[in-house]
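K.L.:
what follows is a predicted protein model with its sequence.
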Amino acid sequence: MSDLAIWIIVVGLTLVTVATRSAFLVLGDRFKLPERVQHGLRYAPACALVGLIAPELALADGTLALSLANPKLIAGFAAGAIMLATRSMIAAMAVGMLAFTALRLLAA
Amino acid sequence: MLKRVFGADPAIAARRRHAFARGLRAVAPATIATGTWGLVTGVAMVKVGLTTAQALGMTLFVFAGSAQLAALPLIAAAAPIWVVLLTATVVNLRFVIFSAGLQPYFRRFSLGRRLLLGYITSDVGFALFLSRFVNAPEEERGSLEQVWFFLGMAAGNWVAWQTMSVLGILLAAQVPGAWGLEFASILALIALTLPMISGRPALVGAATAGVVAVLGAGLPLKLGLVAAVVVGIAAAMSAEVVLERTGAGA
């Protein structure tokens, strides 16, 4: 991406931060989000993040790679399991990186 | 300096200082997680190809770890700018809900101050603030003690985040590419996401979003991701209806 495009993204993301975080602080007295919409929005962040993560783990060079030979898939699941078991982000990332590195070295 | 921060009136300044210090203490345990997250984000921004200046600009201005990390794979894939911004908006939607929760406390402040209070809101800050003051009497909402407690938390959180993030940016160049450290940002996203998936409808929604995203990965403009969010939410809400009807609960 060009330098300009990156800076446009930086400015745009800053506006996104301000707009989302102060949305109801600014609009609150005049506008109320329907209960049903508020409810559905609760699921949006998790869906978006899983939508970002899943292709990174499941695809290798653009093709489906659901096998034990895919280091990212295995390491991702290992990190997820540690996260669920310990609730420690540091432990999850450490195990994930160790698994990823070990599997790549084994494959090489 | 302190006079400029806390005001000239000694009595009021003392109350502000105490509330600010309480906020700092409340947020202190969480700064370990915030700092780690900042470090990872700092490294990841450089590893994805941002220059030091771009990465510093992003961390100092954007100040939103999950949105930044979500934007990085899209920047790496040269996705259109609007897709990057839309994705960050969706990832940040939780803050729209948070802002609705904070609104009763901060409603009487000027527009500028409300924008600033919103901008510095963090996940941890929101959770700590609301759990502390939700049972406080209504007439105390927006009191000096509450606002300066919030500011103290935000300050501690900001310093921890920015320090470690800048450290990550500066150290990233020393880390060889062969370590595959850019994968760490995906692992960080996994660690961030899993606690969000609580309850069966959320699980159904997330699983659906994952499948749709993988199937749609080849679509132009990263539309697979947009589809994943829309179909994921629909699946979660359908799951709610079905679970309610069968009496299985959530």
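P.N.:
Structure received.

K.L.:
how much space between A:Thr20 and B:Gly57?
P.N.:
In this structure, A:Thr20 and B:Gly57 are separated by 19 Å, where distance is defined by CB to CB, to the nearest Å. In this view, the C-beta of every residue, glycine as well, is placed from N, C-alpha and C.

K.L.:
packing partners of the lowest-mean-pLDDT helix or strand in chain A?
P.N.:
Of all the helices and strands that make up chain A, the one with the lowest confidence by mean pLDDT, DSSP states H and E is helix A:35-41; it has a mean of 77. Using 3 or more CB pairs under 8 Å, 6 or more residues apart in numbering or on different chains; DSSP states H and E as the contact definition, the elements that helix A:35-41 packs against are helix B:93-106, helix B:223-246.

K.L.:
and stretch B:198-215, what's buried?
P.N.:
Residues of stretch B:198-215 classed as buried by neighbour count (16 or more other CB atoms under 10 Å in any protein chain shown): B:199-215.

K.L.:
that one and chain A, are they touching?
P.N.:
Yes - for stretch B:198-215 and chain A, the contact criterion (CB under 8 Å from any CB of the partner chain) is met by B:Pro201, B:Ala202, B:Gly205, B:Ala206, B:Ala207, B:Thr208, B:Ala209, B:Gly210, B:Val211, B:Val212, B:Ala213, B:Val214.

K.L.:
could these be laid out in a markdown table, adding secondary structure and pLDDT?
P.N.:
Formatted as a markdown table, the entries for those read as follows, by DSSP: H, G, I helix; E, B strand; the rest coil; pLDDT from 0 to 100:
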| residue | secondary structure | pLDDT |
| --- | --- | --- |
| B:Pro201 | helix | 95 |
| B:Ala202 | helix | 94 |
| B:Gly205 | helix | 96 |
| B:Ala206 | helix | 96 |
| B:Ala207 | helix | 97 |
| B:Thr208 | helix | 98 |
| B:Ala209 | helix | 96 |
| B:Gly210 | helix | 97 |
| B:Val211 | helix | 97 |
| B:Val212 | helix | 97 |
| B:Ala213 | helix | 95 |
| B:Val214 | helix | 96 |
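
K.L.:
name the nearest of the residues you listed relative to B:Leu102.
P.N.:
Closest approach between the residues of stretch B:198-215 next to chain A and B:Leu102, by CB to CB: B:Ala202, at 23.2 Å.

K.L.:
ok, now which ones touch B:Glu140?
P.N.:
Under the criterion of CB atoms under 8 Å, 6 or more residues apart in numbering or on different chains, the contact list for B:Glu140 reads B:Phe133, B:Gln146.

K.L.:
and the helices in chain B?
P.N.:
In chain B, the helices defined using DSSP state H lie at B:2-6, B:10-27, B:31-47, B:52-57, B:65-76, B:81-91, B:93-106, B:111-119, B:123-133, B:144-172, B:183-193, B:200-215, B:223-246.

K.L.:
looking at those helices, which is nearest to A:Ala99?
P.N.:
Minimum separation from A:Ala99 across those (CB to CB) falls at helix B:183-193, 9.6 Å.

K.L.:
average pLDDT across that closest one?
P.N.:
Across helix B:183-193, pLDDT averages out at 85.

K.L.:
now for A:Gly96, how many residues are close by?
P.N.:
Counted with other CB atoms under 10 Å in any protein chain shown, the burial measure for A:Gly96 works out to 28 neighbours.
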